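I would like to see how this sequence folds:
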Amino acid sequence: TLWHSLPVRPTRDDVVAAQVRLGTRVRRTPLADSPWLSETAGGEVRLKLECWQRTRSFKIRGALNAAHRLVAGPPRERAEGPGNERAAAKTVVTASAGNHGLALATAAHEAGLACVVFTPSGAPRAKIEAIRRAGAELRREARDYDEAERMALAWGVAHGATFISPYNHPDVIAGAGTVGLEIVEEWPDVDLVVVPLGGGGLASGIALALAGSSHARVVGVEIEASQAFTTALAQGGITPIVPGPTLADGLGGNLEPGSITFEMVRDLLDSVVVVSEDQLRDAMRGLLTEERLVVEGAGAVAAAAVLGGAVRTAGQRVAVVVSGANVDIPRLMSVV
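Numbering: from 1, shown residues only. Below you'll find the predicted structure:
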């Protein structure tokens with residue numbers, strides 16, 4: 001039995017504790033005015049630039065929080081079973097489209113842990129090379145993210161390592177939630193926070209951070225080619241989907257059965273909206289040409305929702321989370 005299989009919903013206190021724990025290990029990223037999107041939205045739009053975060057993605061927040069909690073935590077937070085406690089304290093394993101793998105490899109190195117990362121064989125080259133440079137053992141046998149996750153889980157069980165999910169882990173969610181704390185600390189009057197939605201860790205954490213402390217609504221944004229939450233919410237529970245190809249590779253794939261993020265998104269978010277590939281291209285192009293920001297597909301979906309009118313923004317104060325920058329340059333240039 002691995003820690004990931006016994007997830008407990010984190011609390012807002014866990015997010016606050018994560019902010020203290022992370023301290024200067026992460027950057028307090030800018031919340032920058034966007035005249036371009038403000039004009040389009042008919043409101044005041046600011047961009048939360050997690051594309052400028054360490055490892056060029058918000059993922060480092062959750063990975064660092066989980067790795068340092070693992071090293072410092074009691075034995076129950078490590079793999080259980082004969083002889084596994086020591087192995088789990090030394091090795092972490094994950095599945096990732098790229099950003100979480102890079103973040104966990106970086107966090108593991110700083111915490112004195114070994115790290116194994118399973119990625120899809122077609123993961124972006126920029127992310128793959130960064131994971132290798134960070135010192136992780138890289139496994140690229142999987143056809144897609146779903147298969148990478150199954151392989152990583154099986155490897156963890158076989159080797160007594162601790163699986164740290166990119167989203168279905170309370171410490172990862174709490175770490176991601178520190179993005180929300182920073183937004184409301186800097187902009188207490190914010191009305192709406194628009195967040196990319198893949199596995200739901202970032203959206204859940206931000207909504208948790210805002211709960212009881214802000215009037216702001218939180219809207220999650222999925223990509224049309226991979227609507228795991230839209231489907232699950234309509235069906236009343238996690239339901240398998242068939243993800244299609246998308247520029248937002250970091251958002252593709254199914255939810256792990258029993259993921260705590262489903263109930264958190266259902267209970268804490270105001271709504272979930274969907275954007276198309278064309279809207280995503282427009283947002284990536286606009287962020288580069290209007291804001292001079294290099295943003296990957298997954299990082300641009302919240303901006304795409306505002307740009308395409310998927311969320312009501314007129315007269316609103318809107319924070320748009322730009323979650324990552326790790327895009328292959330040929331892909332970015334083809335979009336431009």
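
ok, which stretches of the stretch 1-150 of the chain are helices?
12-22, 35-41, 59-72, 84-90, 99-111, 125-133, 145-159 (DSSP state H, counting those that start in this stretch).

Quick one, which of the ones you listed gets closest to Ile173.
Among those, the nearest to Ile173 by CB to CB is helix 59-72 (6.8 Å). All C-beta atoms are positioned from the backbone trio N, CA, C, and that covers glycine.

What residues sit buried inside the closest one?
Buried residues in helix 59-72, counting neighbours by 16 or more other CB atoms under 10 Å, are found at 59-71.

which residues are contacting stretch 258-269?
Stretch 258-269 has contacts (CB atoms under 8 Å, 6 or more residues apart in numbering) with 7-9, 165, 167-168, 170, 173, 197, 199-201, 203-204, 207-208, 211, 218-220, 229, 232-233, 237-238, 255, 272.

If any of those are buried, give me the ChimeraX selection for them.
In ChimeraX, this line selects whichever of these come out buried by 16+ other CB under 10 Å:
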select :7,165,167,168,170,173,197,199,200,201,203,204,207,208,211,218,219,220,229,232,233,238,255,272
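
can you tell me which of the contacts of stretch 258-269 are in strands?
Among the contacts of stretch 258-269, the ones falling in strands (DSSP state E) are 218-220, 272.

lowest-pLDDT helix or strand in the protein?
Within the chain, no helix or strand scores below helix 84-90, which has a mean of 50 by mean pLDDT, DSSP states H and E.

residues near Ile128, how many?
For Ile128, the neighbour count with other CB atoms under 10 Å is 21.

Mind pulling the model confidence for it?
At Ile128, the model reports a pLDDT of 86.

Could you single out the nearest of the buried residues of helix 59-72 to Gly309?
For the buried residues of helix 59-72, the nearest to Gly309 is Lys59 (28.7 Å; CB to CB).

Could you provide the helices of the stretch 1-150 of the chain in TSV, with additional columns for distance to Ala314?
Compiled in TSV, the helices of the stretch 1-150 of the chain are given as follows (distance: least, CB to CB, whole Å):
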stretch	distance to Ala314
helix 12-22	30
helix 35-41	7
helix 59-72	32
helix 84-90	51
helix 99-111	32
helix 125-133	37
helix 145-159	36
